[in-house]
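*Asks:* give me a model of this one.
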Amino acid sequence: MLNETAKKLVDEITKNLAASKESISSSFGELLSLLIDKLQLSQDKKFVFVLLGKTGVGKSSTVNSLLNQEIAPVGKYDATTMEVQEYEHEINGVKCSIIDTPGLCDDIPEKGNNQKYIELIQNQVKQIDLLWFVTRLDDSRVGEDEKKGIQIISEAFTPKVWEHSIIIFTRANKADDYLEELRERTKRIRDEIAKHTGNEIANKIPSVAVDNKSQTTPDGKRWLEELYTQVFITMSERGAIPFLMATAPRINKTQSNKPNRDPNWTFYNQSKFTNQDKEDKDNEFNANDFIFNGIQKELIKKKLIEVIPALAAAGASAGAVVGGTIGAAIGGIVGAAVGSIFYFFS
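*Replies:* Predicted structure coming up:
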């Protein structure tokens with residue numbers, strides 16, 4: 001329930017909108033109240049990403065780029081045992097957990113004791129909002145160790161875990177024929193997952209190519225916003241709103257961003273890392289804010305309506321007129337999230 005301060009703020013905003021010349025639905029105050037209430041409740045929840053992939057493929061670098069913080073250490077270890085590494089963090093007051101599975105997709109002596117690892121991961125992982133399968137685009141095949149990792153995850157959490165999953169290809173700019181390799185690699189990995197899930201689930205898993213040294217993939221398109229979009233629309237409803245709230249301040253700024261601004265090359269610190277990860281570590285690119293295109297905005301809008309059905313009543317005019325204004329008036333992370341949500345409806 002809204003507290004008295006929030007109620008007064010909603011009433012004031014609604015009156016000001018009604019007095020303006022803009023056409024805003026008379027039920028907008030009710031929608032705004034519901035939205036603020038939903039966001040306030042979501043502040044105490046968290047989102048959880050589980051990372052699956054070989055050591056050194058860029059799992060940590062990619063999740064750090066998406067969240068704009070060094071949450072998962074880059075190049076902390078070489079895989080020698082199968083284990084579960086959980087990194088808990090807080091972004092703009094919203095909690096998140098990034099769970100890595102080093103050794104699961106690597107060729108290590110411990111390999112073969114599948115049941116032991118299944119029990120380990122079942123005991124330590126209680127929530128998965130999105131499973132990331134991360135691999136290099138310039139690898140031509142699905143390795144035997146990756147196949148084993150796919151099998152173990154499927155057995156540990158049932159094939160349904162793949163209903164909220166994404167395939168991420170790193171080192172996109174190393175591909176010889178980018179679009180062809182993206183299509184072929186996506187097909188091969190989906191085919192491998194389908195052995196455990198069937199084609200209906202596997203063929204719906206989205207794939208995104210990234211390059212942590214560049215703003216764009218070889219086709220000239222920005223990859224960060226595409227990664228964000230696919231992550232958001234594919235993750236569980238439980239984690240979607242906390243994820244949006246954690247990243248909201250970077251979404252609001254998109255309305256005044258310039259697409260050709262210079263990248264920030266100094267985000268990552270220069271902590272120790274292995275030689276295997278050195279190439280990925282040097283000069284990694286970080287974009288502070290998101291610049292969504294029309295298709296991406298529509299996909300995120302659709303997901304938002306699935307999570308908060310009342311938003312279906314929010315028209316484009318409401319989003320364009322009140323998004324940033326209301327967000328600023330409310331203030332804090334809830335205000336940033338309100339502004340971001342209406343941005344997708346503008």
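
*Asks:* tell me which residue is most central in this structure.
*Replies:* In the chain, the residue lying closest to the centroid (Cα atoms, centre = their mean) is residue 231, at 3.9 Å.

*Asks:* helix, strand or coil for it?
*Replies:* Counting by DSSP: H, G, I helix; E, B strand; the rest coil, the backbone at residue 231 sits in helix.

*Asks:* mind listing what it touches?
*Replies:* 66, 130, 166, 243 (Cβ atoms under 8 Å, 6 or more residues apart in numbering). C-betas here are computed from N, CA, C, even on glycine.

*Asks:* quick one: pLDDT of the second one?
*Replies:* In this case it means residue 130. In this model, residue 130 is scored at 98, pLDDT.

*Asks:* C-alpha coordinates for stretch 36-53, CSV please?
*Replies:* This file holds the C-alpha atoms of stretch 36-53, laid out as CSV (Å, rounded to 0.1, in the frame of the first residue of the first chain):
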residue,chain,number,x,y,z
ILE,A,36,4.4,2.8,-7.5
ASP,A,37,3.0,0.1,-5.1
LYS,A,38,4.4,-2.7,-7.3
LEU,A,39,7.8,-1.0,-7.5
GLN,A,40,8.0,-0.4,-3.8
LEU,A,41,7.3,-4.1,-3.1
SER,A,42,9.9,-5.1,-5.7
GLN,A,43,12.6,-3.1,-4.0
ASP,A,44,13.0,-5.9,-1.4
LYS,A,45,13.3,-8.7,-4.1
LYS,A,46,16.3,-9.7,-6.1
PHE,A,47,17.2,-11.1,-9.5
VAL,A,48,19.6,-14.0,-10.0
PHE,A,49,21.6,-14.9,-13.1
VAL,A,50,23.3,-18.3,-13.4
LEU,A,51,26.3,-18.4,-15.8
LEU,A,52,27.2,-21.5,-17.7
GLY,A,53,30.2,-21.7,-20.0
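
*Asks:* pLDDT on that stretch, on average?
*Replies:* On average, stretch 36-53 scores 93.

*Asks:* so what's the gap between it and the chain middle?
*Replies:* Between the centre of stretch 36-53 and the centre of its chain there are 11 Å (Cα atoms, centre = their mean, to the nearest Å).

*Asks:* residues of it that come out buried?
*Replies:* Buried residues in stretch 36-53, counted by 16 or more other Cβ atoms under 10 Å: 36, 38-40, 42-43, 45-53.

*Asks:* shaky segments in the stretch 101-250 of the chain?
*Replies:* Within the stretch 101-250 of the chain, the segments meeting pLDDT under 70 span 107-113.

*Asks:* would you map the helices across it?
*Replies:* 114-124, 144-157, 178-197, 199-202, 224-234, 237-252 (DSSP state H, counting those that start in this stretch).
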